[in-house]
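1. Quick one: sequence plus predicted model below, questions after.
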There are 2 protein chains.
Amino acid sequence: MNRLQLIEQIQQKKTFLCVGLDTDITKIPKHLQHHPDAVLRFNKAIIDATKDYCVAYKINTAFYESLGLKGWEAMEQTLHYIPESHFTIADAKRGDIGNTSAQYARTFFETLPFDAVTVAPYMGEDSVRPFLEYENKFAIVLGLTSNEGSHDFQKLMVIRNTDQERYLYQTLIEKVAGWGTPDNLMFVVGATRASDLKDIRTIIPDNFLLVPGVGAQGGSLEEVAKYGMNKYCGLLVNASRAVIYASSGEGFADDAAKASMEYAEEMKGYL
Amino acid sequence: MNRLQLIEQIQQKKTFLCVGLDTDITKIPKHLQHHPDAVLRFNKAIIDATKDYCVAYKINTAFYESLGLKGWEAMEQTLHYIPESHFTIADAKRGDIGNTSAQYARTFFETLPFDAVTVAPYMGEDSVRPFLEYENKFAIVLGLTSNEGSHDFQKLMVIRNTDQERYLYQTLIEKVAGWGTPDNLMFVVGATRASDLKDIRTIIPDNFLLVPGVGAQGGSLEEVAKYGMNKYCGLLVNASRAVIYASSGEGFADDAAKASMEYAEEMKGYL
């Protein structure tokens, strides 16, 4: 899916919700846990329940890898079950030297045909470039994350050539933005301090932002929309636990539908 | 395997070589390529040929993931084929928010019982901690890498509280070192500028360093030994392409043995 098609989906459906399939086998409803295809069954039910209220699904690869071969099979099958109309993200946080990143790009753009993959930027340009070489595919590079640990390095003050001081994450976003275009590059920007979004939008007015941290991690959707939105929306706001674990009984899918619908209702007001 | 056992292996075998199994299906000898178990066959031959000259194997997960399910199976089978006497590293560069890093730790310490996994540090403390909570397992955190892109962010000048200026990678190594001990924490330190190793050793005198970039990437083993070694050796020097693709004909395993033996011979002189 390309950027224009994603924007069209957002405009048609009046939502910019991304549902995160961080499917933890120990947290899904008890009545599903012992089924041999438990993860896939759960995901299918969640996708069926939420697809009208979201434009994207984000698969957190860690939860699948930890199950070994069976997990990778469930990830593959889940990806193929997601409707063509939805943007698909491998939340894999990959990144390595060039020839290795090229293998990761192949993994998540060819072997598993996702539309986008999240990329860890610490190793610099040659670790990001291979993800930018595919047409109609996106690297979503970590900018400012929503976790406690984001303060450890992302908010260090960095000296630039011009003797100005800036946060590392600001310098990083600016530099990475020059390696791609809004057609192949997005950024992860956490929602825990939405006012940071305002500064980030001065650096990258046009790129889509993938915003985690709304819901379970405590970010405010209203602030994200206020400071992060651009004229094409430019936001994918992710909710994982708040949707997929909305309840844990037989009615889990209905409650996931309800939770995603509530996000979509609120988003409609901001669009 | 714990730190003491690794040190014993190094002392007994007089080598600190790690062989990197970055097995690219398109680069292995032609006569193996069309075998259904090509990657595993190749790896077994390489392990048999090199095990007397190295103390560790590093599996680069990207090359296996890109093959999908078959690749994960080959990775699993390769790991189980590596002798108990050898330290095993998943070169996976993982790292995410705490609950997700916990899943990655489970993947590479339980589902696939490696001794160590490489970790990308950009997301900070809660992204690294879950890898430090296993007894006799190691997080190997990216410090200074050996690729061109290491200059983009790792060598930015960072302002510390004390108004001193340091490279980001120095500040990062110092901070991460406080989260663990030499018994559960190592660092990736590239060999392309071995003199940097001298400064790094003032920050972390005791931790093991995993040093890529010797061989194909151009680093000097002599300089690495000179500046990086501590009283317990404290080094694992990795060679991947220079060993496993030493030649590409029927005699590939013999040539891999020869290449690894040459590294081991040189290492013996430095120990």
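-> Cool, got the structure.

2. Output stretch A:262-271 as CSV, nothing but the C-alphas.
-> Output of stretch A:262-271 as CSV, limited to C-alpha atoms (Å, rounded to 0.1, in the frame of the first residue of the first chain):
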residue,chain,number,x,y,z
GLU,A,262,-14.7,4.3,20.7
TYR,A,263,-11.2,5.3,19.4
ALA,A,264,-12.6,5.7,15.9
GLU,A,265,-15.5,7.9,17.2
GLU,A,266,-13.1,10.2,18.9
MET,A,267,-10.8,10.3,15.9
LYS,A,268,-13.7,11.2,13.6
GLY,A,269,-14.0,14.4,15.7
TYR,A,270,-10.4,15.4,15.1
LEU,A,271,-10.4,14.7,11.3
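
3. Show residues contacting that stretch.
-> A:10-11, A:13-17, A:53-54, A:221-222, A:225-226, A:229, A:233, A:237, A:239, A:243 (CB atoms under 8 Å, 6 or more residues apart in numbering or on different chains). The C-beta positions use only the backbone N, C-alpha and C, and glycine is treated the same way.

4. ditto for stretch A:247-260
-> By CB under 8 Å, 6+ apart, stretch A:247-260 touches A:17, A:19, A:27-31, A:45-46, A:48-50, A:53-54, A:239, A:242-246.

5. Just give me the neighbour total for A:V141.
-> Neighbours of A:V141 under the rule other CB atoms under 10 Å in any protein chain shown: 26.

6. Of the contacts of stretch A:262-271, keep whichever come out buried.
-> Buried members of the contacts of stretch A:262-271, scored by 16 or more other CB atoms under 10 Å in any protein chain shown, are A:10, A:13-17, A:53-54, A:221, A:225, A:229, A:233, A:237, A:239, A:243.

7. Tell me which two in those residues are the farthest apart.
-> Distance extremes for the buried ones among the contacts of stretch A:262-271: the farthest pair is A:M229 and A:V243 at 21.0 Å, using CB to CB.

8. The residue of the stretch 151-271 of chain A found nearest chain B: neighbouring residues, count only.
-> Per CB to the nearest CB, A:D152 is where the stretch 151-271 of chain A lies closest to chain B, at 3.4 Å. Neighbours of A:D152 under the rule other CB under 10 Å: 22.

9. who's in contact with it?
-> A:D152 touches B:G124, B:E125, B:K175, counting by CB under 8 Å, 6+ apart.

10. Within reach of chain A, which of these are there?
-> B:G124, B:E125, B:K175 (CB under 8 Å from any CB of the partner chain).

11. just curious, which of these is nearest to chain A?
-> Nearest to chain A among the ones next to chain A among the contacts of A:D152, with distances taken as CB to the nearest CB, is B:G124, at 2.4 Å.

12. Could you verify my assumption that that closest one touches A:F153?
-> Yes: under the criterion of CB atoms under 8 Å, B:G124 makes contact with A:F153 at 5.9 Å.

13. now, which of the buried ones among the contacts of stretch A:262-271 lie within helices?
-> Judged by DSSP state H, the subset of these located in helices is A:I10, A:K13, A:L221, A:A225, A:V243.

14. export those residues to a markdown table and tack on pLDDT and distance to B:H86?
-> Shown next, in a markdown table, are these (pLDDT from 0 to 100; distance: CB to CB, whole Å):
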| residue | pLDDT | distance to B:H86 |
| --- | --- | --- |
| A:I10 | 98 | 51 |
| A:K13 | 98 | 53 |
| A:L221 | 92 | 51 |
| A:A225 | 94 | 53 |
| A:V243 | 96 | 44 |
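
15. ok, and of those, which contact chain B?
-> Counting by CB under 8 Å from any CB, no member of these reaches chain B.

16. Any idea what A:L210 is bridged to?
-> A:V188, A:L236 (DSSP bridges).

17. Just list the residues touching it, thanks.
-> A:C18, A:K58, A:I89, A:T118, A:I140, A:M186, A:F187, A:V188, A:V189, A:L236, A:N238.

18. Ok, A:N184 next?
-> Contacts of A:N184 (CB under 8 Å, 6+ apart): A:L132, A:Y134, A:K137, A:F138, A:A139.

19. Kindly list the longest helix within chain A.
-> Max-length helix for chain A by DSSP H is helix A:252-270.

20. Endpoint to endpoint, stretch A:231-247 covers what distance?
-> 35 Å (CA to CA, to the nearest Å).

21. the strands in chain A, which residues?
-> A:17-21, A:56-60, A:87-94, A:116-119, A:138-144, A:157-159, A:165-167, A:185-189, A:209-211, A:235-239 (DSSP state E).

22. and the third one, what other elements does it pack with?
-> Secondary-structure packing of strand A:87-94 (3 or more CB pairs under 8 Å, 6 or more residues apart in numbering or on different chains; DSSP states H and E): strand A:17-21, strand A:56-60, helix A:61-65, helix A:98-106, strand A:116-119.

23. got the ones you listed as TSV, with mean pLDDT and distance to A:R166 columns?
-> Below are the helices and strands packed on strand A:87-94 laid out as TSV (pLDDT from 0 to 100; distance: least, CB to CB, whole Å):
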stretch	mean pLDDT	distance to A:R166
strand A:17-21	98	29
strand A:56-60	98	29
helix A:61-65	98	31
helix A:98-106	97	26
strand A:116-119	98	21
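
24. quick one, which of those is nearest to B:E65?
-> Per CB to CB, nearest to B:E65 of the helices and strands packed on strand A:87-94: helix A:98-106, 7.0 Å.

25. What confidence value was assigned to the residue of the stretch 151-271 of chain A closest to chain B?
-> According to the prediction, A:D152 has pLDDT 95.

26. Ok, A:N161 next?
-> 65.

27. In this structure A:L112 contacts A:E76, no?
-> Yes: between A:L112 and A:E76 there is a contact under CB under 8 Å: 6.2 Å.

28. who's more crowded, these two?
-> A:L112 (22 against 17).

29. That's all I had, so thanks and see you.
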